[in-house]
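# following is a predicted model, sequence given first.
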Amino acid sequence: MIYASKLWYQCIHPGGIDIHRQDGTGDYLLLFFRCPVEANLHGTYEPIPENTFLLYRKGEPQIYRKTDGSINNDWIHFDFDSYDNFFEDLGIPFQTPIHLANPEAITDMTANLFIEFFEAGEHHLEIMDQKLRTLFYKFSDLYRFSQSSSDRSPKYRHTLEKLRELMKQRIYLPENAEELAATLGISTSYLQHIYKDYFDVTLQQDIIEGRVHRACCLLETTSYTIGEIGTLCGYNNAEHFSRQFKKLTGCTPMKYRHRQQVSPGKEKK
């Protein structure tokens, strides 16, 4: 069984951190750095970019820092009742910076674990064990995928990673795949192929998610009609807009707006 001893999701240290645990913490540690840090992995500090995972073996030194501002990271301290080469069999390396094409899959699981960690119940330990195993199995699959895809088509990886991060933050949202392909100077079909290759999700899925998120914001903060919001979010067909919105949120745009208006703590509009 795998036991989580300490766990946190999006832990923010406003003044930065300087961790120097020469003998570790007596357990295993999975870290996800949401911002750049420095880590001492081979005798000297080296830069670790944002959106990087680090897995520490039990008893290994844990030495990392960020002293020029706040840090935001996820971390899971855990141990096994019997180890038996679990990570070696999964092919996940220790003390190695790991960048996954789709880190959100793991951070979403961490958020779910974070909720369960503070729960209680007859089967709480078994639930935690299964959720941890699922996280590491998924991590292994994503790591293998990232390794193989990086060998196949690396030319546009960095650019698309940056653009996807802007899309996730809703800073930039292309109207369609053709617009983004034109920006990169490549064909739409090739863009769609490498995007799925890099991130294990289609570009259209990410665009739809961004459109629906934008629609949610407009439903909450404006008095535009449903049809007007659909048009502003790139939909020419109101029925198509409502169908995609419901698929992602579980309710129609009208019901979503009504729920926001009558939620506790919100004034009716």
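Thanks, I have the structure now.
# A39 in helix, strand or coil?
Three-state secondary structure (criterion: DSSP: H, G, I helix; E, B strand; the rest coil) places A39 in strand.
# buried stuff in the longest strand seen in the chain?
The single longest strand within the chain, with elements called by DSSP state E, is strand 2-13. Residues of strand 2-13 classed as buried by neighbour count (16 or more other Cβ atoms under 10 Å): 2, 4, 7, 9. (Each C-beta comes from the backbone N, C-alpha and C, glycine too.)
# how about the residues you listed in JSON lines, adding distance to E50 and pLDDT?
Below are the buried residues of strand 2-13 laid out as JSON lines (distance: Cβ to Cβ, whole Å; pLDDT from 0 to 100):
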{"residue": "I2", "distance to E50": "27", "pLDDT": "98"}
{"residue": "A4", "distance to E50": "24", "pLDDT": "97"}
{"residue": "L7", "distance to E50": "21", "pLDDT": "97"}
{"residue": "Y9", "distance to E50": "16", "pLDDT": "97"}
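# in those residues, find the pair that's most separated.
I2 and Y9 (17.5 Å; Cβ to Cβ).
# one step back: neighbouring contacts of the longest strand of the chain?
Around strand 2-13, the neighbours that count as contacts under Cβ atoms under 8 Å, 6 or more residues apart in numbering are 27, 34, 66, 70-81, 107, 110-111, 113-114, 117, 125, 128-129, 132-133.
# try stretch 102-122
Contacts for stretch 102-122 (Cβ under 8 Å, 6+ apart): 4, 7-9, 32, 51, 53, 74, 76, 100, 124, 127-128, 131-132, 134-135, 138-139, 142, 168, 199-201.
# so which of those belong to helices?
Counting by DSSP state H, the members of the contacts of stretch 102-122 that fall within helices are 124, 127-128, 131-132, 134-135, 138-139, 142, 168, 199.
# separation between the nearest residue to R133 once chain neighbours are set aside and N51?
With sequence-adjacent residues excluded and distances taken as Cβ to Cβ, 6 or more residues apart in numbering, R133 is closest to I2, at 6.3 Å. In this view, I2 and N51 are 24 Å apart by Cβ to Cβ, to the nearest Å.
# with P14 instead?
Looking at P14 against N51, where the rule is Cβ to Cβ, the gap reads 20 Å.
# kindly report the same for Q147.
To N51, Q147 is 16 Å away according to Cβ to Cβ.
# and these two? Which one has more around it.
With neighbours defined as other Cβ atoms under 10 Å, Q147 and N51 compare such that N51 has more, 17 against 12.
# contact partners for the more buried one?
With contacts taken as Cβ under 8 Å, 6+ apart, N51 has the following neighbours: 32-34, 99, 103, 165.
# and the residues you listed, which of them are buried?
Using 16+ other Cβ under 10 Å as the threshold, 32-34, 99, 103 are the buried ones among the contacts of N51.
# max pairwise distance over these: which two?
Farthest pair in the buried ones among the contacts of N51, by Cβ to Cβ: R34 and H99, 12.6 Å.
# in the stretch 151-269 of the chain, which spans are helices?
For the stretch 151-269 of the chain, helices defined by DSSP state H, counting those that start in this stretch occupy the ranges 157-168, 177-184, 188-199, 203-221, 226-232, 238-249, 253-262.
# would you confirm that I19 contacts P61?
No: I19 lies out of contact with P61 (Cβ atoms under 8 Å); the separation is 9.9 Å.
# how many residues are close by Q169?
Burial of Q169 is recorded as 10 neighbouring residues (other Cβ under 10 Å).
# now it: how far from E88?
36 Å.
# count of neighbours near the residue lying closest to T67 once chain neighbours are set aside?
Counting by Cβ to Cβ, 6+ apart, T67 lies nearest to G16, which is 4.8 Å off, once chain neighbours are set aside. A total of 14 residues lie near G16 under the criterion other Cβ under 10 Å.
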